[in-house]
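Trainee: Sharing a model that was predicted from the sequence below.
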Amino acid sequence: MVGTFKFAQEATQFAAGATVFAIGDPPGPAYVVQSGEIEVRRGEDVIESLGPGGVVGEMALLDQTPRSATVVATSDCALVPLDERAFLTHVSHNPYFALELMRVIAGRLRSREAAG
């Protein structure tokens, strides 16, 4: 997904150590990592580390439920917010965008199954 968002102007800057969102927070946008590194955490466990092109928060975007994990910037980073309106715009311009997001979700589900 990095190609779509590599030069997006609406990126939000997060300093290393900043919390992007926390478990239980109200739903909001998904974020695509434009630059830098982030970690997805549940408690003290690191579930996933992501760099440019990675996406987080897609579940809250799609089902409008509270955040199911905490995301922390592990380096200074730029994240492009993707709210429902922006998601629908991207899908209308590029239907494969939805397929890419579904692949991200499927990959996460498969890795959870493998982990046990």
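Mentor: Structure received. Because the structure is a prediction, the values reported are computed rather than measured.

Trainee: how about the top helix by length along the chain: buried residues?
Mentor: Ranked by residue count under DSSP state H, the longest helix found in the chain is helix 96-115. By neighbour count with 16 or more other Cβ atoms under 10 Å, helix 96-115 contains the buried residues 97, 101, 104, 108. For every residue, glycine as well, the C-beta is placed using N, CA and C.

Trainee: and the residue nearest to the last one when sequence neighbours are not counted, what element?
Mentor: Looking back up the chat, that one is Arg108. Leaving aside its sequence neighbours, Arg108 sits nearest to Glu48 (Cβ to Cβ, 6 or more residues apart in numbering; 7.5 Å). When elements are defined using DSSP states H and E, Glu48 is found to belong to strand 45-50.

Trainee: Quick one: mean pLDDT over the helix or strand following that strand.
Mentor: Proceeding N to C from strand 45-50, the next assigned helix or strand is strand 55-56, under DSSP H and E. For strand 55-56, the mean pLDDT works out to 93.

Trainee: List the contacts of strand 55-56.
Mentor: Taking Cβ atoms under 8 Å, 6 or more residues apart in numbering as the criterion, the residues outside strand 55-56 that touch it are 1, 20, 30-33, 38, 40, 50, 69, 71, 82, 101, 104.
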